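Show me how the following folds:
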Amino acid sequence: MRFIFMSEGETAPGHTHEYRYRELIDEVLLAEQVGFDAFGTSEQHVAIGTATTSAPEVLYPYMMALTSRIRFMHLVTLLPTRINHALRVAERLATEDILSNGRVELGVGRGNTTLALRAFEVSPTENKAQMIEGLEVIRRALHNDVFSFVGEHYKIPPRGLVPKAIQAPYPPISMATGSPDSVRMAGELGVGAIVGGFYLGFDFVENMLGIYDEALAGATHTYPVQAEKLVAVGGGMHCAETRDEAVTWARHLSETVALSTDAYQRLSKLSSDYAYMGAVKDVDFSDERYMIEDSTGFIVGDPDDCVAQVQRFADAGADALVMRIDGLPHKELMKSIELFGKYVIPKFKNPRAVVRTPDAILGDIRTARPAHYAELEAFEAEAADKQATEIPTHVGDAR
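Okay, here's the model as predicted:
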């Protein structure tokens, strides 16, 4: 299981983006220290209230210079042609790969807010096709020394990417997937799938991951396979010293959830490609127990609660969790990152290294005693039988 810390630099009214970015840097440095595998942020343009990270490709190199282990994942880079030309994305990715010494990954998507799509004059009926073509351009550029492409949205003559990435075969690539059709496509393409649960529950997520596995196994792949099942915990992860404290803080995330799900409903009415997002209308967001325990949108509680909730995702088949840790005061976010890193991640990364209570160890010792004594008794009996059947050897008289 990989653990990916995701933040969008959400900035509270009355604060400044400058100060929030300084806090975010401290959060990433702590996440590296306590064992998170990667940090990622979305590319959100002209957002209101929930995100400030419009230029991850600028933010990441600064953080890369301050870190040595943690990876950086674009969650996600938008591929409508009016927002990002795919060839520019490939160039930036290769540059980041060099600067990070091979610690960058790419997630791609088509956009999930009308605010951004309308600001860049992107048609919600065309951006899916643009994303698919853009992904192909990126993979060709990274994989082939000389590449070209002819399609509806891109027509690129034979060219060679400069600079070249250093990860082999190239930095890992994943695709945002919210519907059965899109997760099937990710499997067929042999890229990772970032599954958004849309608060629809574990059955929905498990079904999506099963579709991915089936599609991945049944496809013939042109490029090296980079398979990974990433589940986005988009409501938020908050780990606190007690369950009550964690739940109290998690209630502050309700406004962010409301803003994001309202965007889903708006998009679902604009294009059949986004119709699946309309399913959120059937979710009872006022049901706190469901939201925190069963929606797949949250991991909330004390460390033991968080371990149990992560285990549910592991049992569902997830290879990685993309956990939004944002939207709360910096002090609380730092505490949550530290507690999760110290007490939750080791249970999945190196469980034998986790120190157990004396009572637990004594319990295992008592349980093991009967088998030990039975083995000891069998050993002694075998030794006695062997001694009884041995022929005594005597020194004979010289004659």
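
now the stretch of helix or strand Glu377 belongs to, how far from the centre of its chain.
Element membership for Glu377 (DSSP states H and E) is helix 358-389. Helix 358-389 sits 46 Å away from the centroid of its parent chain (Cα atoms, centre = their mean, to the nearest Å).

tell me the mean pLDDT for it?
In this model, helix 358-389 has an average pLDDT of 93.

by contact count, what packs against the lowest-mean-pLDDT helix or strand in the chain?
The weakest-scoring helix or strand in the chain, judged by mean pLDDT, DSSP states H and E, is helix 254-268 (a mean of 80). In terms of contacts (3 or more Cβ pairs under 8 Å, 6 or more residues apart in numbering; DSSP states H and E), helix 254-268 is packed against helix 114-119. Backbone N, C-alpha and C define where each C-beta goes, glycine included.

Packing partners of the helix it packs on?
In this structure, helix 114-119 makes packing contacts with helix 254-268, judged by 3+ Cβ pairs under 8 Å, 6+ apart.

Give me the contact list for the helix it packs on.
When contacts are defined by Cβ atoms under 8 Å, 6 or more residues apart in numbering, helix 254-268 is touched by residues 10, 48-50, 112-115, 124, 198-199, 234-236, 274-278, 280-281, 283, 285, 297, 326-327.

buried set for it?
Ser254, Thr256, Val257, Ser260, Thr261, Ala263, Tyr264, Arg266, Leu267, Ser268 (16 or more other Cβ atoms under 10 Å).

How about stretch 75-84?
Neighbour-count burial for stretch 75-84, counted by 16+ other Cβ under 10 Å, picks out Leu75, Val76, Thr77, Leu78, Leu79, Pro80, Thr81, Ile83, Asn84.

Can you add pLDDT and distance to Lys229 and give those back as JSON lines?
Shown next, in JSON lines, are the buried residues of stretch 75-84 (pLDDT from 0 to 100; distance: Cβ to Cβ, whole Å):
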{"residue": "Leu75", "pLDDT": "97", "distance to Lys229": "15"}
{"residue": "Val76", "pLDDT": "96", "distance to Lys229": "16"}
{"residue": "Thr77", "pLDDT": "98", "distance to Lys229": "20"}
{"residue": "Leu78", "pLDDT": "98", "distance to Lys229": "22"}
{"residue": "Leu79", "pLDDT": "98", "distance to Lys229": "21"}
{"residue": "Pro80", "pLDDT": "97", "distance to Lys229": "25"}
{"residue": "Thr81", "pLDDT": "97", "distance to Lys229": "29"}
{"residue": "Ile83", "pLDDT": "98", "distance to Lys229": "27"}
{"residue": "Asn84", "pLDDT": "98", "distance to Lys229": "25"}
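
May I ask which two of those residues are separated the most?
Farthest pair in these (Cβ to Cβ) is Leu75 and Thr81. Separation: 20.5 Å.

buried set for stretch 179-195?
Residues of stretch 179-195 classed as buried: 179-180, 182-187, 189-195 (neighbour count, 16+ other Cβ under 10 Å).

strands paired with the longest strand along the chain, and their directions?
Counting residues, the longest strand found in the chain (DSSP state E) is strand 71-78. Note on strand 71-78: by DSSP bridges, its sheet partners are strand 38-41 (parallel), strand 104-109 (parallel).

Could you name the helices and strands sitting against the helix or strand following the first one?
On the C-terminal side of strand 38-41, the nearest following helix or strand under DSSP H and E is helix 56-66. The contact analysis (3+ Cβ pairs under 8 Å, 6+ apart) places helix 56-66 against helix 17-34, strand 38-41, strand 71-78, helix 86-99.

Please identify the buried residues of stretch 277-289?
So for stretch 277-289, counting by 16+ other Cβ under 10 Å, buried means Met277, Ala279, Val280, Val283, Phe285.

Reformat those into a markdown table and put pLDDT, secondary structure and distance to Ala215 next to each item.
Below are the buried residues of stretch 277-289 laid out as a markdown table (pLDDT from 0 to 100; DSSP: H, G, I helix; E, B strand; the rest coil; distance: Cβ to Cβ, whole Å):
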| residue | pLDDT | secondary structure | distance to Ala215 |
| --- | --- | --- | --- |
| Met277 | 83 | helix | 21 |
| Ala279 | 85 | helix | 21 |
| Val280 | 84 | helix | 25 |
| Val283 | 89 | coil | 26 |
| Phe285 | 89 | coil | 31 |
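
Most widely separated two among those residues?
Across the buried residues of stretch 277-289, the longest distance by Cβ to Cβ is 14.8 Å; it joins Met277 and Phe285.

Just to be sure, Phe36 is in a strand?
No - read with DSSP: H, G, I helix; E, B strand; the rest coil, Phe36 is coil and lies in no strand.

That one is in contact with Ser7, isn't it?
No - between Phe36 and Ser7 there is no contact under Cβ atoms under 8 Å: 11.3 Å.
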